[in-house]
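>>> Please find the sequence and the predicted model below.
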Amino acid sequence: MKIYPFDKPTEKQIEYAQYLQSYIQDDTSITHMSKDELSSYIKFIKPQAEEVMDELRGHVDDVW
């Protein structure tokens, strides 16, 4: 599938997707996704990543 320049994801979208991936340890390649595909992917993994972040925050609060 060819991705046209106007359909490429922004750098912020890519960075945000990589940030979310780091929490859920997802190995999905985001480099070949279009803007819409990446947006859908972010919406898909965001709840999972937020759940992990909340769990980590809960443990940090107990220590301090």
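Sure, I can see it.
>>> contacting residues for K46?
Neighbour list for K46: L20 [criterion: CB atoms under 8 Å, 6 or more residues apart in numbering]. (C-beta placed from N, C-alpha, C; glycine too.)
>>> mind listing what's buried in the helix or strand encompassing R57?
Assigned by DSSP states H and E, R57 belongs to helix 35-63. Neighbour-count burial for helix 35-63 flags 38, 41-42, 45, 49 (criterion: 16 or more other CB atoms under 10 Å).
>>> Just name the closest of those to Q21, please.
For these, the residue nearest Q21 by CB to CB is I45; the value is 6.9 Å.
>>> Next, the nearest residue in space to I42 that is not next to it in sequence: phi, psi?
In space, and not counting its chain neighbours, I42 is closest to A17: 5.4 Å by CB to CB, 6 or more residues apart in numbering. The phi/psi pair for A17 (degrees, to the nearest 10) reads phi -60, psi -40.
>>> thought A17 was touching S40?
No - using CB atoms under 8 Å as the test, A17 is too far from S40 to be in contact (10.8 Å).
>>> Below-threshold pLDDT in this structure: ranges please.
1-4, 61-64 (pLDDT under 70).
>>> before we move on, the earlier item: could you check how far the residue nearest to I42 is from K8?
13 Å (CB to CB, to the nearest Å).
>>> Repeat that for K35.
6 Å.
>>> same check, this time on Y19
Per CB to CB, Y19 is found 19 Å from K8.
>>> Who has more neighbours out of the two?
Neighbour count, other CB atoms under 10 Å: between Y19 and K8, K8 has more, with 14 against 11.
>>> can you pull the contacts of that one?
Contacts of K8 (CB under 8 Å, 6+ apart): 34-35.
>>> ok, it to Q48 distance?
25 Å.
>>> that older thread, what's the burial count for the residue nearest to I42?
There are 22 residues near A17, going by other CB under 10 Å.
>>> before we move on, what about the one 4 residues further on?
For Q21, the number of neighbouring residues by other CB under 10 Å comes to 17.
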